[in-house]
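Chemist: just a sequence and a predicted model for now, questions to come.
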Amino acid sequence: QLQVVESGGGLVQPGGSLRLSCAASGFSLDNYAIGWFRQVPGKEREGVACISSSEGIQYKDSVKGRFAISRDNARNTVFLQMNSLKPDDTGVYYCLADFRCNHGFEFPLARGQGTQVTVSS
């Protein structure tokens, strides 16, 4: 069974940093795409970053230069390093697995419970 579990969220002041983790089990990250998404109540889910062996790395424009997605194959974990955080980055962050980033994750192979990120002074 394919599973992913997020961790690392929390409360941080504007300008601060957090590192989110997405630990996968039941499949090898090297063969799939992992996307980080965030959702705020009343708004649609938005993609933040995605990584796959075949497509490389993709970022939402508003996080370029501030966020970095990476993968540790030995630990079967994807990380999202978030720097220079802004209040608009607040939301529940989810990691989803799919075959490719460009599939859009409409029917993800796995999805975690999410981790809350709150950026506030």
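Modeler: Here it is on my side, so go on.
Chemist: what number of residues lie near S84?
Modeler: 13 (other CB atoms under 10 Å). The way it works is simple: take the backbone N, C-alpha and C, and place the C-beta from them, glycine included.
Chemist: swap in K60?
Modeler: 15.
Chemist: repeat that for V12.
Modeler: By the criterion of other CB under 10 Å, V12 has 18 neighbours.
Chemist: how about the one 10 residues further on?
Modeler: As a burial measure, C22 scores 29 neighbours (other CB under 10 Å).
Chemist: same check, this time on G47
Modeler: 17.
Chemist: helix or strand for it, which one?
Modeler: Here G47, judged by DSSP states H and E, is contained in strand 46-52.
Chemist: now the most centrally placed residue in the chain: phi and psi?
Modeler: The chain has W36 as the residue nearest its centroid, 2.3 Å off, counting by CA atoms, centre = their mean. Phi and psi for W36, reported as degrees, to the nearest 10, are phi -100, psi 130.
Chemist: report the beta-bridge partners for V92.
Modeler: Applying DSSP bridges to V92 yields these beta-bridge partners: Q39, Q116.
Chemist: for W36, give me its contacts.
Modeler: L20, C22, G47, V48, A49, C50, I69, V78, L80, Y93, Y94, C95 (CB atoms under 8 Å, 6 or more residues apart in numbering).
Chemist: of these, just say which sits nearest to G114.
Modeler: Y94 (4.6 Å; CB to CB).
Chemist: residues in contact with the closest one?
Modeler: E6, W36, F37, R38, Q39, R45, R111, G112, Q113, G114.
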